[in-house]
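Engineer: pasting the sequence and the predicted coordinates here, then a few questions.
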Amino acid sequence: MNTTSILLRACIGLLPVLCFLVALVAMDSYKLVRLRTVAVVIALGGVAAGLSYLANVGLLRITDIDFGTYARTLGPLVEEICKGVIVLALIRTHRIGFLVDAAIFGFAVGAGFAMIENLYYLQDLADAHIAVWIVRGFGTALLHGGVQSIFAVMVLTLTDRRGAMNFGAVLPPLLAAAVLHAGFNQFVLPPIYQTLALMLLLPPLMMFVFSRSEAAVGDWLGTGFDADRDLLELLDSGTFSESPHGQYLHALRKNFRGEVVADLVCYLRLHVELALRAKGMLMMRENGIEVPIDEVTQAKFEEMRYLEGAVGRTALLAIKPLLHMSRRDLWQLYMLGK
């Protein structure tokens, strides 16, 4: 086969999933994700493809199942686990805060996985009919991205409802992703029809997720901004010591030295100021204004990190009731500090 035919098949196998990912990033009006981070996640998805290949080869030898049966049963579960670990790590480390970035990063993991997989198959299927590569590029590749995107959105939703990313928040989405993947591999319909159905269903599903998340971001910005502003005004007022917040901090003097409590007050102020800064940045991004992190903000972030080490873990736990420390609030601090 000539070089032109190979390049054509490579483009069909790789470009659709990348174009869809670019479209998702472009739809993110709040600019919750950075292109550099997306590129790293794509690379991690490629690593997941390599690990999945090794796991599949090992399980095929152990189980002695024929390849066709394995691809319709155990294979999808193994692949979704390998991809899902990356998404779980992103949520655990507060790199994901809303359904929009969950959908984008989940799709990026699947895109990286699909690209490596299709490059591998390009060696064995270079002579295959062009229709095979249409199915792989517009079907299988989009499936990897779409299913992992659904997994990320479901895990994030259940984590918010449960208040923690526990077993119950992870297992149902993982099984759902594996079932969807395995269902596609059954080829109940001719492959080209399944590919067409996927292309018709995935875009409106992503549009629905984005519209829901954009509304959630707006609600969170409104209520969170007001709460942070009120707390900062209270800190600046002369009546803070008489407020419930001030009385709580005064009570901590029974358990901590005076200088530690003073550091906790400074930490509380820095936390609120940075939270307001992060929300303000998101509001400006929505209006197309990109605001760089200035030196003053960086200095505040470094001071807050220093105070975290100075007061110790026990004191931080003691002040936690006064802080907005939900998963989204931790995410906004990560966004500001990166």
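Structural biologist: Perfect, I can see it now.
Engineer: what's residue 65 sitting at in phi/psi?
Structural biologist: The phi/psi pair for residue 65 (degrees, to the nearest 10) reads phi -90, psi 140.
Engineer: that one and residue 74 touch, don't they?
Structural biologist: Yes - with contacts counted by CB atoms under 8 Å, residue 65 reaches residue 74, the gap being 7.2 Å. Using the backbone N, CA and C atoms, a C-beta is placed for each residue, glycine as well.
Engineer: so who does residue 9 touch?
Structural biologist: Taking CB atoms under 8 Å, 6 or more residues apart in numbering, we find residue 9 in contact with 122, 125, 126, 128, 130, 133.
Engineer: how deep is residue 129 tucked in, by neighbour count?
Structural biologist: As a burial measure, residue 129 scores 10 neighbours (other CB atoms under 10 Å).
Engineer: still on that earlier bit, out of the contacts of residue 9, who has the most neighbours?
Structural biologist: In the contacts of residue 9, the most neighbours by other CB under 10 Å go to residue 133, 24 neighbours.
Engineer: these two touch, right, that residue and residue 139?
Structural biologist: No - with contact defined as CB under 8 Å, residue 133 does not reach residue 139; the gap is 10.0 Å.
Engineer: spatially, which two of the contacts of residue 9 are the most separated?
Structural biologist: 122 and 130 (13.0 Å; CB to CB).
Engineer: now residue 44: which helix or strand?
Structural biologist: helix 35-63 (DSSP states H and E).
Engineer: which parts of that helix are buried?
Structural biologist: 37-38, 41-42, 44-46, 48-49, 51-53, 55-56, 59-60 (16 or more other CB atoms under 10 Å).
Engineer: beyond the helix ranked longest in the chain, next helix or strand please.
Structural biologist: Ordering each helix of the chain by length in residues (DSSP state H) puts helix 191-236 first. Sequence order places helix 244-251 as the next helix or strand after helix 191-236, per DSSP H and E.
Engineer: okay, the angle between that following helix and helix 191-236?
Structural biologist: Calculated by axes from the mean of the first three to the mean of the last three CA atoms, to 10 degrees, helix 244-251 forms an angle of 70 degrees with helix 191-236.
Engineer: tell me the mean pLDDT over the helix or strand just after helix 244-251?
Structural biologist: For helix 244-251, the succeeding helix or strand toward the C-terminus, using DSSP H and E, is helix 258-286. Average pLDDT, helix 258-286: 82.
Engineer: I'd like to know which elements helix 258-286 is packed against.
Structural biologist: Counting contacts by 3 or more CB pairs under 8 Å, 6 or more residues apart in numbering; DSSP states H and E, helix 258-286 is packed against helix 191-236, helix 244-251, helix 295-311, helix 313-319, helix 327-337.
Engineer: can you say which of those is packed in most?
Structural biologist: Of all these, helix 327-337 carries the top mean neighbour count, a mean of 18, counting by mean count of other CB atoms under 10 Å.
Engineer: looking at this protein, which helix or strand does the model trust least?
Structural biologist: Counting by mean pLDDT, DSSP states H and E, the chain has its least confident helix or strand at helix 327-337, which shows a mean of 61.
Engineer: tell me which residues of the helix or strand residue 9 falls within are tucked away?
Structural biologist: Under the criterion of DSSP H and E, residue 9 resides in helix 3-27. Buried positions in helix 3-27, judged by neighbour count with 16+ other CB under 10 Å: 9, 10, 12, 13, 14, 16, 17, 18, 20, 21, 24, 25.
Engineer: once you drop chain neighbours, what's closest to residue 115?
Structural biologist: residue 14 (5.5 Å; CB to CB, 6 or more residues apart in numbering).
Engineer: I misspoke; the intended subject was residue 243.
Structural biologist: Take residue 243 and drop its neighbours on the chain: the residue closest to it by CB to CB, 6+ apart is residue 234, 5.8 Å away.
Engineer: how near is the one you found to residue 287?
Structural biologist: Noted for residue 234: a distance of 29 Å to residue 287, by CB to CB, to the nearest Å.
Engineer: same deal with residue 79?
Structural biologist: Taken as CB to CB, the span from residue 79 to residue 287 is 40 Å.
Engineer: neighbour count winner among these two?
Structural biologist: For residue 79 versus residue 287, the count of surrounding residues by other CB under 10 Å is larger for residue 79: 27 against 7.
Engineer: ok, how many other residues are close to residue 88?
Structural biologist: Neighbours around residue 88, by other CB under 10 Å: 20.
Engineer: same question for residue 127.
Structural biologist: 10.
Engineer: how near is the closest residue to residue 21 other than its chain neighbours to residue 282?
Structural biologist: Spatial nearest neighbour of residue 21, chain neighbours left out: residue 111 (5.0 Å); criterion: CB to CB, 6+ apart. From residue 111 across to residue 282, the span is 25 Å (CB to CB).
Engineer: same check, this time on residue 270
Structural biologist: According to CB to CB, residue 270 stands 19 Å off from residue 282.
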